[in-house]
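J.: Just to be clear, the model below is a prediction. Sequence and coordinates:
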Amino acid sequence: MSTLFILNQPELLDDCITVMQPDDALLLIENAVVIATKSSTTQYKMFVLKDDLIARGLFESIHDQSTAIDFSKFVELTLAYDKSVSWL
């Protein structure tokens, strides 16, 4: 069973990753989008909410291991995964 983990605080990343499984994905929103500007060694798919990147002036700084998405894709992701878990 695959899970989409939705993270809004960068300081919760380590806790979140400890419970993730290989088929899971991570969606960064709100202040957690800063994670997408740093090189990551995570093996998980990482998505970032584009509007939150733009609001923080970080859109041009996104690392190539992250995929910027819009709200429509956010909805598609919640449907594509068996469940969603928000880390707020």
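T.: Arrived safely, thanks for sending.
J.: What strand or helix carries the residue nearest the centre of the chain?
T.: Residue closest to the mean C-alpha point of the chain, counted by C-alpha atoms, centre = their mean, is residue 27 at 2.1 Å. Element membership for residue 27 (DSSP states H and E) is strand 25-28.
J.: In the chain, mark out all the strands, start to finish.
T.: Here the chain has its strands, by DSSP state E, at 3-7, 25-28, 45-49, 66-69, 83-87.
J.: Could I get the contacting residues of residue 78?
T.: Residue 78 makes contact with 4, 84, according to C-beta atoms under 8 Å, 6 or more residues apart in numbering. From N, CA and C alone the C-beta is placed, and that goes for glycine too.
J.: Tell me the spacing between it and residue 37.
T.: Applying C-beta to C-beta, to the nearest Å, the value for residue 78 to residue 37 is 24 Å.
J.: And residue 16, by the same measure?
T.: 18 Å.
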